[in-house]
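**Q** predicted coordinates and the sequence they were generated for:
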Amino acid sequence: MKILLATGRMAEGVVRKYSAGCDVHVADVDVAAFITHRHLKNLDLTDYDLVLVPGLAKGRWKELEREKGVKIRLGPIHAYDIPKVVEAMDKIELSHDLPADRLIEIEKAKEVFELVEKQDIGIFDINGVQVGGKSRMKVVAEIVDATQLERDELLERIQYCIESGADIVDLGIPLSYSAEDVRRAVKVARDECDALSIDTFSKRAVEIGVEHGVDMIMSLSDRNLNVLDVIDNQAVVVVERDVWRLKHLVELVKTKTEKVIADPVLDMNGIAESISRYSEYRKIDQVTPTLFGAGNVTELFDADSIGINALLAYIGMEVGASLLFTTEASSKTSGSIKELRIASYMAKGAEIRESPPKDLGLNLLALKEKLRYPEGERPERFVEAERSRKFKRDPMGDFRIWISDGRIFCHHEKVVVAGDDAKSILDTVMRFGLVSRMDHAGYLGRELKKAEIALKLGKNYIQDQPVSFGVYGEIE
């Protein structure tokens, strides 16, 4: 296949370096991303099977493709990825709208999802959710003290759990509760969830849950064996640290229901020992699904949950876990449901492929990246940056910026602009003519970008204060 790479003057050197045997056309434009269909309109492309334009280039590529009779598709964003795209050419159909490197990752992820879903065959199901066997580990998301929430707040939490990827929603019942509150919470959740669990040691609370259609009961132990009297084929999670005692309790519960899940308990104090318990239990019981309480660790660890959840999910898979249990009871663990959902696919995909959990098209990288692209050259002459201490108020007025309900709000005396990203808000501010000084526009862009970063990472944003990244420093 003969391929032509279109680029701009500034990127010519790096594109030729990574051209992978393709021809290179340098368009009459400095920045490659500014290439449009007009720059290729008068070009003779008859000798080529494919023309790759820069991944961020905007143009009417479908129209030009029809006119020229040659495939014209978006290449990668970075020239470094050209060889990877050329190598994958026979496996994917490149796009007019999506950069090739991103498309490759999406296709990899689709392949992993398909592989995992083909093996989603469990030992039993919890209202359609396959558990155990060859199936992917399922995510159980607990709503702590669910009975204490008002109806609308409970609905909001349930919807959040489902949208984040929870396979089973678990209602946590506090030690002190009213029967009416349990009944109300279960009824509200039953209409929203495919698979619904209730977490309590109370026989009366379990009885109410069973009466109103819950699918799983957490948690049964030596302390509340009388709960078995009200079980009606619900799945039951049996909790016990002693693996032989756990095995005995599991067999006892199986006399009431076939849907039994063992929980040897993942402890924060003694993680290695408790992980060993899971391995021990799997040696004496190769069949019964187990629950792996990732939330027991993330809630008690002052470290970002994203990496902890990824590692715990992979360990869970290795010790034969079937359910990953978590809560998002604190701000530091927000996002754990989604993180464990992605990690469950990564772990299962790696197992199926017999490979490490990498290069799957899925990742849980937030502050770090898989690879670093070559940096630009250091110029021989440059001016050292120096912060100005002068301040002059913009006569057009001031702005107040804050985050609320997952959006950025930018307040001016004439209008309040709401958006999800810095550029759209700044573009709107400029369209309304609310800025007259360049230094004010620069300040506004800087603050809005800080707000966008904070929003995406779930961090606090306070105007004129730095966004903190722990050991990585701050963005001012």
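**A** That came in fine, so what should we check first? Numbers count the residues shown, from 1 in each chain.
**Q** going forward, measure contacts and count neighbours with C-alpha atoms only.
**A** Will do.
**Q** now for the nearest residue to residue 348 once chain neighbours are set aside, how many residues are close by?
**A** Nearest residue to residue 348, sequence neighbours excluded (Cα to Cα, 6 or more residues apart in numbering): residue 136, at 6.0 Å. Neighbouring residues of residue 136 were enumerated by other Cα atoms under 10 Å; the total is 26.
**Q** who touches residue 136 in this structure?
**A** Counting by Cα atoms under 8 Å, 6 or more residues apart in numbering, residue 136 touches 116-117, 119-120, 322, 344-345, 348.
**Q** how about those residues in JSON lines, adding secondary structure and distance to residue 298?
**A** Formatted as JSON lines, the contacts of residue 136 follow (DSSP: H, G, I helix; E, B strand; the rest coil; distance: Cα to Cα, whole Å):
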{"residue": "116", "secondary structure": "helix", "distance to residue 298": "26"}
{"residue": "117", "secondary structure": "helix", "distance to residue 298": "27"}
{"residue": "119", "secondary structure": "coil", "distance to residue 298": "29"}
{"residue": "120", "secondary structure": "coil", "distance to residue 298": "27"}
{"residue": "322", "secondary structure": "coil", "distance to residue 298": "19"}
{"residue": "344", "secondary structure": "helix", "distance to residue 298": "16"}
{"residue": "345", "secondary structure": "helix", "distance to residue 298": "19"}
{"residue": "348", "secondary structure": "helix", "distance to residue 298": "21"}
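**Q** which among those residues end up buried?
**A** Among these, the ones that count as buried by 16 or more other Cα atoms under 10 Å are 116, 120, 322, 344-345, 348.
**Q** which residue ranges form the strands in the stretch 51-200 of the chain?
**A** 71-74, 124-126, 129-131, 138-143, 168-172, 196-199 (DSSP state E, counting those that start in this stretch).
**Q** cool, the stretch 251-400 of the chain as well?
**A** Assigned by DSSP E, counting those that start in this stretch, the stretch 251-400 of the chain shows strands spanning 260-263, 291-292, 323-327, 400-404.
**Q** ok, which of these comes nearest residue 182?
**A** strand 323-327 (19.0 Å; Cα to Cα).
**Q** flag the shaky bits of this structure, pLDDT-wise.
**A** Applying pLDDT under 70 to the chain flags the ranges 471.
**Q** what sits against residue 190?
**A** Applying Cα under 8 Å, 6+ apart, the residues near residue 190 are 196, 212-214.
**Q** run a quick neighbour tally on residue 301.
**A** The burial count for residue 301: 14, using other Cα under 10 Å.
**Q** give me the distance between it and residue 51.
**A** Separation of residue 301 from residue 51 (Cα to Cα, to the nearest Å): 51 Å.
**Q** now swap in residue 2 and tell me
**A** 9 Å.
**Q** the two: which is more packed in?
**A** Between residue 2 and residue 51, counting by other Cα under 10 Å, residue 51 is the more crowded of the two (24 against 11).
**Q** right, and that one touches residue 6 too?
**A** Yes: under the criterion of Cα atoms under 8 Å, residue 51 makes contact with residue 6 at 7.2 Å.
**Q** so where does the residue nearest to residue 264 when sequence neighbours are not counted fall, helix or strand?
**A** Counting by Cα to Cα, 6+ apart, residue 241 is the residue found nearest to residue 264 once chain neighbours are left out, at 4.8 Å. Using DSSP states H and E, residue 241 sits in no helix or strand.
**Q** same deal with the one 5 residues further on?
**A** Element membership of residue 246 [criterion: DSSP H and E] is helix 243-253.
**Q** flag every buried residue along that helix.
**A** 243, 246-247, 249-250, 253.
**Q** next one: stretch 214-223
**A** Neighbour counts over stretch 214-223 (16+ other Cα under 10 Å) mark 214-221 as buried.
**Q** tally of neighbours for residue 151?
**A** Counted with other Cα under 10 Å, the neighbours of residue 151 add up to 15.
**Q** with residue 403 instead?
**A** 20.
**Q** who does it bridge with?
**A** Using DSSP bridges, the bridge partners assigned to residue 403 are residue 408.
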